[in-house]
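> no FASTA, just this:
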């Protein structure tokens with residue numbers, strides 16, 4: 001319902017979508033915009049590549065940790081106010097990042113301030129869409145807003161590559177400050193979802209949720225360094241297992257304590273951070289589950305395809321970004337046109353077709369990869385994957401929010417964004433770990449079976465590469481071999497083994513993502529078959 005019981009002016013619908021979609025775009029952009037410029041950023045702030053990768057990881061981690069408390073803050077102070085405060089915090093973080101002289105300042109701006117700002121903004125977006133659009137208009141609105149975030153991830157490498165190549169990576173973050181100012185000006189015309197009467201925030205629940213999600217996501221993000229279960233060679237081991245096992249286990253235990261505590265708070269008549277009764281809502285849990293799988297597959301693909309284009313084929317950052325753009329075309333088309341042309345379509349049918357499109361894209365790309373393949377092989381798979389992402393975006397936001405009263409939308413927004421961050425983290429980690437495991441196994445097997453490689457070299461390779469073979473381009477591997485003084489025969493054998501192992505690793509990772517999409521189909525029966533409608537007699541929000 002609109003504040004004060006009145007409907008906002010229809011003319012502000014476009015402004016509302018522009019403000020909220022731009023905010024979603026901005027929050028997602030930072031997850032991918034610097035992936036092609038990590039080495040440049042590291043040199044500029046006198047750090048290392050791993051240090052900058054850590055900053056990107058920390059941004060995701062901070063968002064995941066504070067998303068649920070961020071949603072509750074919005075419910076207490078008003079969603080529009082939370083959105084505006086989050087925008088100011090995010091803008092301060094972007095400005096700090098743009099002038100960062102070293103890694104600690106970069107971490108403060110990029111990872112902490114921007115992460116906190118996003119944790120306030122993203123749950124508020126969900127609530128503000130629910131407040132500003134009638135139920136029958138929400139699929140289109142959520143589709144556009146969600147698609148804006150996915151497009152940001154797709155075009156992020158292109159934007160980062162352009163800025164780094166022709167200007168400076170700092171201009172990206174300076175531009176974010178300008179965009180934040182524009183968003184805040186536009187947001188003044190967005191109808192607020194007013195604050196509710198609250199007894200205060202559940203600080204014990206907030207602490208448990210922050211620690212639980214933080215430990216779990218941190219464990220997932222460290223899998224490529226420490227290993228999933230068994231510790232990697234030279235890595236830490238706790239009681240013979242990778243620290244990842246213990247971190248994820250501790251995170252799950254704390255989340256169980258969190259839900260137990262929330263149930264106690266609710267029984268005592270106090271206000272929980274998250275109502276445990278929400279988990280009994282079949283439609284809500286179905287929507288959240290599909291969000292998890294969507295982002296798992298989506299981020300796995302966004303991890304693998306740029307690797308293939310930029311490393312395996314040796315394309316520049318700009319060319320890599322251009323080849324990823326086809327995904328954005330079908331994504332936006334599906335997200336916008338499905339609600340407009342098929343307003344009464346079954347959400348379950350659209351979600352199932354969307355998941356099948358993701359599966360088809362992964363399988364087609366897996367089949368197309370071979371030694372002679374070029375950059376064009378990604379076009380059709382990315383069109384299919386974009387179609388699937390757009391179809392899911394057109395329905396899932398409305399499915400989750402329509403499952404609860406509008407006053408619970410900020411709370412649902414916090415949980416929803418925690419789930420998507422979790423799915424994105426696991427998708428990237430899973431795709432990366434499977435790819436590197438198969439790459440390592442294939443490379444070492446090829447070297448072991450090649451008679452042109454001397455036995456001492458085979459033994460040395462097995463010992464030094466036991467913890468994992470890096471995903472290297474032929475040019476980088478050739479330089480490393482020349483520096484090491486390898487013979488022409490050994491160099492040729494290593495280059496051939498590397499090329500074959502790269503493709504096997506990529507195919508295996510795509511196969512896992514395809515299998516994950518198949519598993520997702522098992523949960524689609526929780527998605528409703530009818531579109532949500534405004535309650536009879538209710539004042540209609542924005543048209």
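That came in fine, so what should we check first? This structure is a prediction, so every number in the text was calculated from the model and none was measured.

> contacts and neighbour counts: CA atoms only from here.
OK.

> check which helices and strands the lengthiest helix in the chain is in contact with.
As assigned by DSSP state H, the longest helix anywhere in the chain is helix 409-449. If you count contacts as 3 or more C-alpha pairs under 8 Å, 6 or more residues apart in numbering; DSSP states H and E, helix 409-449 packs onto helix 49-77, helix 114-132, helix 203-221, helix 223-226, helix 282-307, helix 396-402, helix 455-464, helix 488-521.

> next SSE downstream of the fourth one?
Sequence order places helix 243-267 as the next helix or strand after helix 223-226, per DSSP states H and E.

> list the buried ones in that next one?
Counting neighbours by 16 or more other C-alpha atoms under 10 Å, one finds that the buried residues in helix 243-267 are 243-252, 254-255, 257-259, 261-263, 265-266.

> ok, so what distance separates the spatially most central residue of the chain from residue 97?
Centroid-nearest residue in the chain, with C-alpha atoms, centre = their mean: residue 424, separated by 3.9 Å. Using C-alpha to C-alpha, to the nearest Å, one gets 23 Å for the distance from residue 424 to residue 97.

> try residue 215
The span separating residue 215 from residue 97 equals 25 Å under the rule C-alpha to C-alpha.

> dump the residue contacts of residue 355.
Shown in contact with residue 355 (C-alpha atoms under 8 Å, 6 or more residues apart in numbering): 294, 388, 392, 517, 518, 520, 521.

> apply 6 Å and report the result again.
Neighbouring residues of residue 355 by C-alpha atoms under 6 Å, 6 or more residues apart in numbering: residue 388.

> a helix runs through it, doesn't it?
Yes: using DSSP: H, G, I helix; E, B strand; the rest coil, the assignment for residue 355 is a helix.

> local confidence estimate at it?
Predicted confidence (pLDDT) at residue 355: the value is 95.

> low-confidence stretches in the stretch 401-543 of the chain?
406, 453-454, 457-458, 460-473, 481, 484, 533-543 (pLDDT under 70).

> list the contacts of the helix or strand hosting residue 81.
Residue 81 belongs to helix 79-98 when assigned by DSSP H and E. Helix 79-98 is contacted by residues 74, 106, 109-110, 113-114, 117, 120-121, 124, 170, 173-174, 177, 180, 192-193 when judged by C-alpha under 6 Å, 6+ apart.

> and it, how far out from the chain's middle?
Its chain's C-alpha centre and that of helix 79-98 lie 20 Å apart, by C-alpha atoms, centre = their mean, to the nearest Å.

> do stretch 238-251 as well
The mean C-alpha position of stretch 238-251 is separated from the chain mean by 24 Å, C-alpha atoms, centre = their mean.

> cool, and stretch 513-520?
Taking mean C-alpha positions (C-alpha atoms, centre = their mean), stretch 513-520 and its chain are 17 Å apart.

> may I see the buried residues of it?
513, 514, 516, 517, 518, 520.

> would you turn these into TSV with distance to residue 26?
Formatted as TSV, these follow (distance: C-alpha to C-alpha, whole Å):
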residue	distance to residue 26
513	26
514	29
516	28
517	27
518	31
520	28
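
> coming back round to it: isn't the residue nearest to the centre of the chain right up against residue 299?
Yes: the criterion here is C-alpha atoms under 6 Å, and residue 424 meets it with residue 299 at 5.4 Å.

> looking at the buried residues of stretch 513-520, which is nearest residue 478?
residue 513 (31.0 Å; C-alpha to C-alpha).

> against residue 296, how distant is the closest one?
8 Å.

> now the angle from the helix holding residue 81 to helix 49-77?
With axes from the mean of the first three to the mean of the last three C-alpha atoms, to 10 degrees applied, the angle from helix 79-98 to helix 49-77 works out at 160 degrees.

> now for the host helix or strand of residue 338, which elements pack on it?
Residue 338 is part of helix 326-341 when elements are defined by DSSP H and E. Judged by 3 or more C-alpha pairs under 6 Å, 6 or more residues apart in numbering; DSSP states H and E, helix 326-341 is in contact with helix 138-166, helix 379-393.

> quick one, it and helix 138-166 angle?
Using the same axes, to 10 degrees: helix 326-341 against helix 138-166 is 160 degrees.

> residues in contact with helix 326-341?
140, 143-144, 151, 382-383, 386-387, 389-391, 393-394.

> now that helix, how far from the centre of its chain.
19 Å.

> do stretch 75-83 as well
The answer for stretch 75-83 is 24 Å, by C-alpha atoms, centre = their mean.

> also stretch 249-264?
Worked out by C-alpha atoms, centre = their mean, stretch 249-264 lies 24 Å from the chain centre.

> buried sites along stretch 375-389?
375, 377-389.

> what sits up against it?
Residues contacting stretch 375-389 (C-alpha under 6 Å, 6+ apart): 326, 327, 330, 331, 334, 354, 355, 357, 358, 361, 364, 365.

> so how far is it from its chain's centroid?
18 Å.

> any low-confidence regions in the stretch 101-250 of the chain?
193-200.

> tabulate the contacts of helix 326-341 (TSV), appending distance to residue 349.
Shown next, in TSV, are those (distance: C-alpha to C-alpha, whole Å):
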residue	distance to residue 349
140	16
143	16
144	19
151	24
382	21
383	20
386	17
387	14
389	14
390	14
391	10
393	13
394	12
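
> out of these, what pair is the most spread apart?
140 and 382 (22.3 Å).

> give me the number of residues near the closest residue to residue 446 other than its chain neighbours?
Once flanking residues are discounted, residue 446 sits nearest to residue 497: 5.6 Å by C-alpha to C-alpha, 6 or more residues apart in numbering. The tally of other residues near residue 497 (other C-alpha atoms under 10 Å) stands at 19.

> do residue 390 as well
Neighbours around residue 390, by other C-alpha under 10 Å: 32.

> which residues touch it?
Residues in contact with residue 390 (C-alpha under 6 Å, 6+ apart) are 331, 334, 335.

> mind redoing it with 8 Å?
Listed by C-alpha under 8 Å, 6+ apart, the contact partners of residue 390 are 143, 147, 330, 331, 332, 333, 334, 335, 354.

> cool, residue 427 as well?
295, 296, 297, 298, 299, 300 are the contacts of residue 427 under C-alpha under 8 Å, 6+ apart.

> output the residues you listed in TSV; the columns should cover pLDDT and neighbour count.
Shown next, in TSV, are the contacts of residue 427 (pLDDT from 0 to 100; neighbours: other C-alpha atoms under 10 Å):
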residue	pLDDT	neighbour count
295	89	23
296	91	27
297	92	32
298	87	23
299	86	22
300	88	25
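
> any idea how far residue 66 lies from residue 121?
Taking C-alpha to C-alpha, one finds residue 66 at 11 Å from residue 121.

> of these two, who's got more company?
residue 121 (32 against 25).

> what sits closest to the more buried one if chain neighbours are left out?
residue 83 (4.7 Å).

> ok, now residue 162?
Nearest to residue 162 is residue 318, by C-alpha to C-alpha, 6+ apart, at 6.4 Å.

> surely the one you found meets residue 161?
Yes: with contact defined as C-alpha atoms under 8 Å, residue 318 counts as touching residue 161 (5.3 Å).

> surely residue 417 touches residue 122?
Yes: under the criterion of C-alpha under 8 Å, residue 417 makes contact with residue 122 at 7.0 Å.

> what about residue 335, how many residues nearby?
For residue 335, using other C-alpha under 10 Å, the count is 30.

> picking up where we left off before, same drill for residue 318 and residue 161, tell me which one is more crowded.
residue 161 (25 against 19).

> which ones are touching the more buried one?
By C-alpha under 8 Å, 6+ apart, the neighbours of residue 161 are 34, 36, 37, 317, 318, 321.

> chain neighbours aside, what residue packs nearest to the fourth one?
What it means is residue 317. residue 161 (5.1 Å).

> how near is that neighbour to residue 88?
27 Å.
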